[in-house]
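**Q** I'll drop the sequence and a predicted model, then ask my questions.
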Amino acid sequence: MSNIRQPAAARAAEPPAAMPDPDLATAPVVGLMEEWMPADQAPHVHRRHQLLCAASGVIHVTTSVGEWVLPATRAIWIGSGTLHSTLVRRPAHTRVLYIDPDVYPMPEGAQCRVVAVSPLMREVIATCAAAPWDYPADSPEARLAGVLIDQVRATDHTSVDLPYPTDTRALRLANLLRTDPANRQPLESLAGQVGSSPRTIERLFQKEAGLSFGRWRQRQRLLTALEQLAYGESVTNVALDVGYESASSFVAAFKAVFGTTPARYFRS
């Protein structure tokens, strides 16, 4: 049984029968441009690294250690052999690159890393995704792929993931808040609902998720908000939907976690 945490979704996605296997490609970087319908893809692995982004829409990526939310201004590098699943709640136009780990080793850092996608990088990713899968090593396609990998390695990390605890009580509480981010009940009330104490829940979140309960709750709200903002919802409406009392308090929290305001985040 997989230990990956699966978000809820409308239906499971099965890969098309005719979909080529990128792990069998001869070129070091190959890609696909696809339209993904709302679906939750089952956990899977690739021999190659992946660079995944949305040209439009929002993609959720989940591994055994956490969840990432990717609007069109962000891409995620998923290391070779990393068990992961993807989720889209609305149609999304995606770009997926598969990168030979023998040619381009994993950048230093965690198994997954998120990078900001500039307009130039977005075009380079699209060009690489449209290239044939058998281009020669001295071709323009190969040189462009090398430039892209260099850019990914040089780009600042912007990763804000949502790690999940593993203890059943803490995980029940995490999933409760995930389905109701506007819930404002204090920890004292929430802990009792999962048969625990505030002190135990605080300890479990700190130990297993690496965040205090308060910081985890804030991050969960903001990642929920990220998707709504990506689809054009107003800051005020989103702030109220995820449990903030005002737009100003939401923007302050957003800036504290993401390092910029919502407006600038989606312009980057």
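**A** Sure thing, it's come through.
**Q** buried residues, stretch 166-184. List them.
**A** Neighbour counts over stretch 166-184 (16 or more other CB atoms under 10 Å) mark 167, 169, 170, 171, 173, 174, 177, 178, 181 as buried. All C-beta atoms are positioned from the backbone trio N, CA, C, and that covers glycine.
**Q** and the third one, what are its phi and psi?
**A** Here the main-chain torsion angles of residue 170 (degrees, to the nearest 10) amount to phi -70, psi -40.
**Q** again, but for the fifth one
**A** Taking degrees, to the nearest 10, you get phi -70, psi -40 for the backbone angles of residue 173.
**Q** ok, now which ones touch it?
**A** Each residue near residue 173 by CB atoms under 8 Å, 6 or more residues apart in numbering is listed here: 190, 191, 193, 194, 196, 201.
**Q** adding distance to residue 63, write those out as JSON lines.
**A** Formatted as JSON lines, the contacts of residue 173 follow (distance: CB to CB, whole Å):
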{"residue": "190", "distance to residue 63": "26"}
{"residue": "191", "distance to residue 63": "27"}
{"residue": "193", "distance to residue 63": "28"}
{"residue": "194", "distance to residue 63": "24"}
{"residue": "196", "distance to residue 63": "26"}
{"residue": "201", "distance to residue 63": "23"}
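**Q** and these as TSV, adding secondary structure and pLDDT?
**A** Below are these laid out as TSV (DSSP: H, G, I helix; E, B strand; the rest coil; pLDDT from 0 to 100):
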residue	secondary structure	pLDDT
190	helix	97
191	helix	97
193	helix	96
194	coil	96
196	coil	97
201	helix	98
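**Q** so where is the stretch 101-250 of the chain shaky, pLDDT-wise?
**A** Low-confidence segments of the stretch 101-250 of the chain (pLDDT under 70): 107-110, 158.
**Q** so which residues of it form strands?
**A** Using DSSP state E, counting those that start in this stretch, the strands found in the stretch 101-250 of the chain span residues 112-116.
**Q** would you list every one of the helices in it?
**A** With DSSP state H, counting those that start in this stretch as the criterion, the stretch 101-250 of the chain has helices at 119-130, 140-154, 168-179, 187-193, 198-204, 213-230, 235-241, 247-258.
**Q** most packed of the ones you listed?
**A** Across the helices of the stretch 101-250 of the chain, averaging neighbours per residue (mean count of other CB atoms under 10 Å) puts helix 213-230 on top, at a mean of 20.
**Q** so residue 196 makes contact with residue 169?
**A** Yes - using CB atoms under 8 Å, residue 196 makes contact with residue 169 at a distance of 4.4 Å.
**Q** any shared contact partners between the two?
**A** Any residue near both residue 196 and residue 169 by CB under 8 Å, 6+ apart counts here, and that gives residue 204.
**Q** now the helices of the stretch 101-250 of the chain as CSV including distance to residue 89?
**A** Below are the helices of the stretch 101-250 of the chain laid out as CSV (distance: least, CB to CB, whole Å):
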stretch, distance to residue 89
helix 119-130, 22
helix 140-154, 26
helix 168-179, 13
helix 187-193, 25
helix 198-204, 28
helix 213-230, 7
helix 235-241, 15
helix 247-258, 21
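**Q** nearest to residue 161, of those helices?
**A** helix 213-230 (8.4 Å; CB to CB).
**Q** now do the closest one against helix 247-258, angle only.
**A** Computed with axes from the mean of the first three to the mean of the last three CA atoms, to 10 degrees, the direction of helix 213-230 lies at 110 degrees from that of helix 247-258.
**Q** going forward, begin numbering at 311 instead of 1
**A** Right, with 311 as the first residue, what we last looked at is helix 523-540.
**Q** now for helix 523-540, which elements pack on it?
**A** If you count contacts as 3 or more CB pairs under 8 Å, 6 or more residues apart in numbering; DSSP states H and E, helix 523-540 packs onto strand 376-380, helix 478-489, helix 545-551, helix 557-568.
**Q** fine by me, we can end here.
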